[in-house]
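Peer 1: Take this sequence and fold it.
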Amino acid sequence: MIFNELEYAEQMLKKGFLEDKYLFELKILAKYYNKIKELKTQDIKIKLKDFCEKFLPEYNEVLHLEMIAKAVHYGVQKKNILVVIPPIPIMKNELMKIKSLNNLELEKLAFTGLVLGKINKYTPKKKKNKKSVEDKGKGYYINNFKDLFKYSKVKERKDKKDLFLNQLHDSELFTLTIFSSFKINFIEEDSEVEFVIKKFDDFVLEYLRYIGVAICCENCGKIIIPTNNRQVYCKSCWKEHRNDYQKKLMRKIRNN
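Peer 2: Below is the predicted model of the structure:
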């Protein structure tokens, strides 16, 4: 899942393909050229061709013609928007219900499910049939259990994952639907806002910070899980702090 396709496209233009999913990434780039740069089909085709010539080592104009054409066709369609997820508010009452689970792994899953459900409101929906679209339009849903475990950073065997899903369902915070998704039952849109998620890399750390398991680096503000009671910096800031300390110590020694 790409939470900010605008930023992703801009990174691609600087660095080339960021993964090995060439068609997937070209579709994002095609949307960027169409929705942001307002280019037409033929101009986008030229841009993607130039991009592939520069960044795709095995590029062959004949072999990759169809891939570029598919990306362009996808990118110029009005329904295929460039996804940029806005800040997501997390409410105090929602957090209280998550904490009531009294199990850190389940809490991480529930929090992740809450965030993903709210994110899904801003992402394009794949229409399957009229009934499913109508039902899913009325609430917040998690459509991908793989993402639920990925972003919660809960790593377990399949049987343990199934147990966790059953426990979430039994908690009544989530309901398993006939479409093999979870409906979220504890959305509190009118509740007091506790904090807002603006960055979606490792967003589960926001919950761990809220319950006191994680802290913010005193230098850069990055959320980290400390390995001891004395840790106040992230790894990169600690290296800078240590180097500065050593330089000051060496100057003091030379002066003495």
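Peer 1: Please, where are all the helices along the stretch 151-256 of the chain?
Peer 2: According to DSSP state H, counting those that start in this stretch, the stretch 151-256 of the chain carries its helices in the segments 158-170, 204-210, 235-255.
Peer 1: which one of these is the most hemmed in?
Peer 2: Most buried of the helices of the stretch 151-256 of the chain, by mean neighbour count (mean count of other CB atoms under 10 Å): helix 204-210, with a mean of 20. For glycine as for every other residue, the C-beta is placed from the backbone atoms N, C-alpha and C.
Peer 1: ok now that one, how far from the chain's centre?
Peer 2: The chain centroid and the centroid of helix 204-210 are separated by 15 Å under CA atoms, centre = their mean, to the nearest Å.
Peer 1: One more: stretch 164-174?
Peer 2: Offset of stretch 164-174 from its chain centre (CA atoms, centre = their mean): 23 Å.
Peer 1: rewinding a little: show me the one of the helices of the stretch 151-256 of the chain that comes nearest Phe24.
Peer 2: Closest approach to Phe24 among those (CB to CB): helix 204-210, 24.4 Å.
Peer 1: Include distance to Leu65 when you put the helices of the stretch 151-256 of the chain into CSV, please.
Peer 2: Output for the helices of the stretch 151-256 of the chain, formatted as CSV (distance: least, CB to CB, whole Å):
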stretch, distance to Leu65
helix 158-170, 41
helix 204-210, 42
helix 235-255, 44
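Peer 1: Dump those helices to TSV, plus mean pLDDT and distance to Ile90.
Peer 2: Below are these laid out as TSV (pLDDT from 0 to 100; distance: least, CB to CB, whole Å):
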stretch	mean pLDDT	distance to Ile90
helix 158-170	94	18
helix 204-210	94	7
helix 235-255	80	26
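Peer 1: do you know which of those helices lies nearest Ile28?
Peer 2: Closest to Ile28 of the helices of the stretch 151-256 of the chain is helix 204-210 (CB to CB; 24.6 Å).
Peer 1: and Gly221, what does it touch?
Peer 2: Applying CB atoms under 8 Å, 6 or more residues apart in numbering to Gly221 gives no contacts.
Peer 1: Give me the distance between it and Leu95.
Peer 2: Distance, Gly221 to Leu95, by CB to CB, to the nearest Å: 21 Å.
Peer 1: With Asn4 instead?
Peer 2: Note on Asn4: its distance to Leu95, by CB to CB, is 25 Å.
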